[in-house]
Structures are given as structure tokens and as C-alpha cells.
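Participant: Using only what follows, build the 3D model:
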Amino acid sequence: MHTFTLTKLTFPSFLHSGHDDSQGLSCAWASSLPDADKTKLSAMLKKRHNVAAEIAKTETTYVTLLNCLVQRFVCEFRQTSRGLSADDVYHMFSNIEVIRDCHERLLASLKQRVDAWDPNAAIGDIFLKAAWIKLYRYYVNNYDNAVSTVKQCKEKHPAFRQYMDDIEYSGTLFGLGLEGLLITPVQRIPRYVLLLTDMVKTTPSCHPDYQNLNDALAVIRELASYVNQRKMDSENASQLNAIQSQLSGFSGTLVTSAGRQFIKHGPFTINKKKEHLWLFSDIIIRTKPEQKQKYKYRQTISLKTCSLQAHADGFTLFCPEGNFVCHLPATHDAAPSPAFPASSTTPQPTGTPMAAAPAAAPTPLAADEWIKVINLNIQSARNDLIASAFVDKAMVSTSEGSRHFDELLASEHGRKRQSVVQRILESERAYVRLVVHLRDAYIIPMVEDHPDLVPHVKQMAELHARFLADIEIRASQWDDSKCLSDIFANVDFHSVYVVFVTLYAEYMRSVEANPKSVALVTEVEARDHSQPTFRCCMERPLKRVSEYYLLLQEFSLYNTSKKHDVSHEALLRELVRLRETTDDLLAKGSAAATAT
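Facilitator: Have a look, this model is predicted:
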């Protein structure tokens, strides 16, 4: 067996050599550049050289880790099985040897180019020719099986367990465990995206390598998207299986090929009986609490064939299975959180997985959120039903009619994206008017009696004035390439709203207990009945962040084009942030209301 004794990562000398890129000014491809650009070319080419060297350096590290996997495990177990069968070894490591071989050739090509670097040097073609890109899909598909096999074999085979105890997290494995090494290929793909993106940024558009770099980046981005989707699918399947283990009497399976997502759960009184609802992207499951972390299955309701009517503290579901009047309980003990692992922080298009226990008491915000999220998923489920009636996904890539359908669908989604943007704009205009009215008509005149309230409302008004200005500009320039995530990323809703929501009940009590303030409120409301009342103005901010979340969630449903991939990832991050802010505000508001 080939021995492997490297204990410290080292890099060849070609990665540390300097190079003069000033000769790039005399290259034929640079002759067409304006003089102003030529002055920047030398610095740009130097950065390009540094990025290329960084790609080669990280590739050296990566190949070293791949060799570690192959030599310390695959080859080792072939020679001394330690209780493992050939199938066990294959399930753990799948095609890692082939991946290693491909990357050794890739590294050799990179070394050759970087070693002889000059301004005309190119590496884009190396990545385009690399066969390893196709190999990763198989490796990623097997990854969960690999991790599971490792755990099972540790339990079943003492010799294997002893070997792992001796070698894991040692210098031989560079301080890593086997699972840390197994995930390395999965983590390498997004690293290539970042490195090649930097390479494109430092390559002039007239450079002969520019197009190949962009083509290679597009291919690897598609692979990265596939890897991310597989990761989310795996996490979602684990969560669904964990939920299913809590449901007694449920004979079906929650994991489906249609990509069912868990949204939220909570206690309800349904037709005057205590139950617990589980909302998914396409169904609602009715259960009855039995004991800690156990629920008795009662019924599955399809969202594709039901409708909802809202009322003050809940809603009524109308469906073929029957009509169900669902009320949030007036008071209840917090239900135990299901014993499933926390979901990914990446939200799904149809909602946000929630693993926390339900709220301790109903609020207008809690009921409103349930209603809006269920309605959103009803619409999404119906759209899926309609689409499935017209589209044979197996024929989409070859049918001219399907391509035309895709074009029509993309156009329709573009219109819907713009419609949501317009609704956000109109909603923000109305909200700013309300906050300004609250500030000018009520809060500022009360400054002597309620000085603590003034700065919070002023800060809120200033934040939303800036936010509205940004949305106005984006909406006026809107086309299908634009996004919303950057606008929301620039606004810290949490810091502005957390104090207001926490002190809301105290503020209202202090105003209502002050005769002078009550007289002012009465006078302002009598003077202009077209303006919202003081209570309405004070209650509206309690719901605003959750409204943003629902609007952005709807917007995310129509990010279906590849050109939306990058902005969609940023949008999902903002949805997570808004979801977390909403949950925190709801918890603090409920706690404050209970305390008072």
C-alpha cells in the first residue's frame, strides 16, 4: 500500500514567485483599450495573477485532503477490512478516487500555467475541460448515505471503531474527522464559484480568457445550485421524518417527490375540540395531543382543494373533507416542541420552518399570520395543480411548445414580481403617512407627558422615510433584472421596533391614564375622521415587520429564472432575518402583554 505521511500542508514554490505584469500593456488584445483603462491594466493583471495563484494554492490543499481520504481510508480498508464489506467502503466513499484523479490532473494543468504566467495566460479552458464537474452530482447524491454508513459501521464493527478512534482529529488527518473530510468535496464547489468570480473581475473583457472564465463560472454555478438544493432537500427530509415519528396512527409518508415543506404548527380549538395543526406546503394535518412530543393523527386536508375564511381569532377551512372552524385558544400551556432537529436557516418559497413551541397566547398578529401563510400556500398548491395539468416535465427540454410555455410562464412571473413591488411601494407610502400622522398629530403634542415615546416614533418615521425613498427609486427603474434584497438588507427593523413593541402596552396604559392626553386624542380624532385613530396608529407597527415578510415571501415565489439565482439567495437571507425579527417581536410583545 502506498504510504501517506504528510502531516503539514506545504505549497510548491511556483505559488510564491513574483511576476511582472506590466508587459500586458503591449499585448495585442490590450491595444483597443482606451488610454484611461491602460493605466489601470498593470494593477488589474497583477491582481489577476494573484487570484490564479490563490486558485492553485487552494487546489493543492484540496488535492492533499482528497489523497488523505483515498490513502488513509479507501486503500487502507481494501488491505485490512476491519470488519467492513466492499459495499460498506463503496457507500462511504463512492467515487472519491475518480474525483481525486481528476483533480490531480487539474492541479498539474494549473501549476503548469501559473508557473509560466504571463499577461496572456489562461485557465478558463482548464475548468471547462474538467470532467470532474459531472462526477460531483453522484458524490453529492451519495453524501447522506456515506455519513449514515459511517455511523452504522462504527456501531457494528469494533475494529473499524477502534481505527477511527485512533486516527480521527489527529495530525494524520490534519485535525479533521472522517465526516469533515467527506464533506470537503461538497464545500469545494462554492469555493470555486468565489475564486472564479474573482478571476472574472480581474480579467479585462477583451482578454482571450474572459469568455472561457465566464462559461466555466456558469457551469460551476449550476453545479453549486444543485449542491445547495440537495442540501436543503436533505435537511427538509430529515425534518419531515422527525415530525412523522411524533405522529401516532399516521400510515402515510410526509417525504414526497413533490418537495413538501414543513411550515409551522400550533394548538387550535377545532369545532370546539382541542387539536394541534401541522401546516405543510400542500397539506394540513390535524392531530390530537397525547403525551409529551406525541400527537395522535386525525386527518389530512389538501390545500389544493380547500379555501379559507378569516375571522377575529382564527379561520374556517372549507374543503371536501368537511368544514373546520379553527380558533387560537384564548390561553393555553405551551405545547412541547417536536423532537426534530432545527431546520436550515434558509427559508423555503412557501413558508418558514418553525421548530419553536407555539405562542403562549393568541394575538391579532398570530392569527393574522396563520391566515396569510395558509392562504399563500393554498394559492401555491393550486398553481402547482394547474401547472401539472399542462406541463409534462419529462418533455420540457425537447418540446418547442414547452419552451414557449416556459417563456410565457417567465413573462407571467415577471409581471407578478413587478406587481408585488408595486404593492410594497403603495403599502409603504400608506404606512409612512400613518407613522407621520402618529408623530405629528399625537406624539409630539404629548412630549411633556410622555417624553419616552417621542424618540421611538421619530426614529420609526425617519427610518421608513429613507426606506420609502429607496423603494421609490427602485420601483421607478424596475425591470426583471432588479432585486429587492439589497434594499431590505440596509434597514435594521429589529432595533427600531423591539423597544416599541416591548413597551406598547405600557405606552397605551400611560396615555389612557392621563386626562390631558385623552382630551388631545379625542380632539384630534373628532377634527378629522378621515385619519386613522390613535389606537390604530399605535397598533399598526405591531404587524408591519410580518407584513414585509409575507410580501417578500410572495415575491420569492416568482424568482424562477437563472438570472435571479444570486438575488434569490440574498432574498432568502432577508426572509430569514425578517422571520427571526417577527418571531422575536411576537415573543416580546406577548411577554409584555402578559406582564401588564
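Participant: rest of the way, CA atoms for contacts and neighbours
Facilitator: Fine.
Participant: Show me what the longest helix anywhere in the chain is packed against.
Facilitator: The longest helix of the chain (DSSP state H) is helix 400-437. On a contact count with 3 or more Cα pairs under 8 Å, 6 or more residues apart in numbering; DSSP states H and E, helix 400-437 meets helix 453-476, helix 534-556.
Participant: residue boundaries of the strands in this structure?
Facilitator: Along the chain, the stretches classed as strands by DSSP state E are 247-248, 262-270, 273-280, 283-291, 294-302, 307-311, 314-319, 322-327.
Participant: Return the most buried member of those.
Facilitator: Neighbour counts (mean count of other Cα atoms under 10 Å) averaged over each of the strands of the chain peak at strand 262-270, with a mean of 22.
Participant: pLDDT of it, averaged?
Facilitator: The average pLDDT within strand 262-270 is 90.
Participant: Report the distance from that strand to the chain centre.
Facilitator: Offset of strand 262-270 from its chain centre (Cα atoms, centre = their mean, to the nearest Å): 23 Å.
Participant: How about stretch 85-99?
Facilitator: 31 Å.
Participant: same thing with stretch 156-164?
Facilitator: Stretch 156-164 sits 38 Å away from the centroid of its parent chain (Cα atoms, centre = their mean).
Participant: And the pLDDT for P329?
Facilitator: pLDDT for P329: 79.
Participant: Now do the same contact list for the residue lying closest to V420 once chain neighbours are set aside.
Facilitator: Once flanking residues are discounted, V420 sits nearest to F555: 6.2 Å by Cα to Cα, 6 or more residues apart in numbering. Residues in contact with F555 (Cα atoms under 8 Å, 6 or more residues apart in numbering) are K416, R417, V420, V421.
Participant: just curious, which of those residues is nearest to F174?
Facilitator: Of all the contacts of F555, R417 has the smallest distance to F174: 48.1 Å, by Cα to Cα.
Participant: in terms of contact, does that closest one touch Y558 like I think?
Facilitator: Yes: assessed by Cα atoms under 8 Å, R417 is found in contact with Y558 at 6.2 Å.
Participant: Can you add distance to Y138 and mean pLDDT and give the helices and strands packed on helix 400-437 back as CSV?
Facilitator: Shown next, in CSV, are those (distance: least, Cα to Cα, whole Å; pLDDT from 0 to 100):
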stretch, distance to Y138, mean pLDDT
helix 453-476, 42, 92
helix 534-556, 29, 85
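Participant: Out of the ones you listed, the one nearest Q291 is which?
Facilitator: Across these, Q291 has its closest neighbour in helix 534-556 (32.1 Å, Cα to Cα).
Participant: Please identify the buried residues of the closest one?
Facilitator: Within helix 534-556, the residues scored as buried using 16 or more other Cα atoms under 10 Å are 534, 537-539, 541-550, 552-556.
Participant: Next: stretch 230-243.
Facilitator: R230, K231, M232, D233, E235, N236, A237, S238, Q239, L240, A242, I243.
Participant: With stretch 135-147 instead?
Facilitator: For stretch 135-147, the neighbour count (16+ other Cα under 10 Å) marks Y136, R137, Y139, V140, N141, N142, Y143, D144, A146, V147 as buried.
Participant: between the residues you listed, which is nearest S476?
Facilitator: Set against S476, the nearest of those by Cα to Cα is R137 (41.7 Å).
Participant: ok, the closest one - contacts?
Facilitator: R137 is in contact with L223, Y226, V227, counting by Cα under 8 Å, 6+ apart.
Participant: coming back round to it: for the buried residues of stretch 135-147, which one is nearest P289?
Facilitator: Nearest to P289 among these, with distances taken as Cα to Cα, is D144, at 32.2 Å.
Participant: Identify the residue nearest the closest one in space, chain neighbours excluded?
Facilitator: S234 (7.6 Å).
Participant: Can you give me the distance of S411 to Q418?
Facilitator: 11 Å (Cα to Cα, to the nearest Å).
Participant: Let me fix that, I meant to ask about T522.
Facilitator: Per Cα to Cα, T522 is found 41 Å from Q418.
Participant: what about those two, which has more around it?
Facilitator: The residue with more neighbours, out of T522 and Q418, is Q418; 19 against 12, by other Cα atoms under 10 Å.
Participant: Tell me if I'm right that that one and S481 touch.
Facilitator: No: the pair Q418 / S481 is not scored as a contact, 10.9 Å apart, by Cα under 8 Å.
Participant: How many residues are close by V150?
Facilitator: Neighbours of V150 under the rule other Cα under 10 Å: 20.
Participant: circling back: I'd like the contacts of R137 as CSV, with distance to A469 and pLDDT appended.
Facilitator: CSV is the format used below for these (distance: Cα to Cα, whole Å; pLDDT from 0 to 100):
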residue, distance to A469, pLDDT
L223, 38, 88
Y226, 37, 86
V227, 38, 85
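Participant: Just the closest of these to K111, please.
Facilitator: L223 (24.2 Å).
Participant: Not counting sequence-adjacent ones, nearest residue to V454?
Facilitator: Once flanking residues are discounted, V454 sits nearest to I443: 5.9 Å by Cα to Cα, 6+ apart.
Participant: My guess is the one you found contacts H456. True?
Facilitator: No: at 10.0 Å, I443 does not count as touching H456 under the criterion of Cα under 8 Å.
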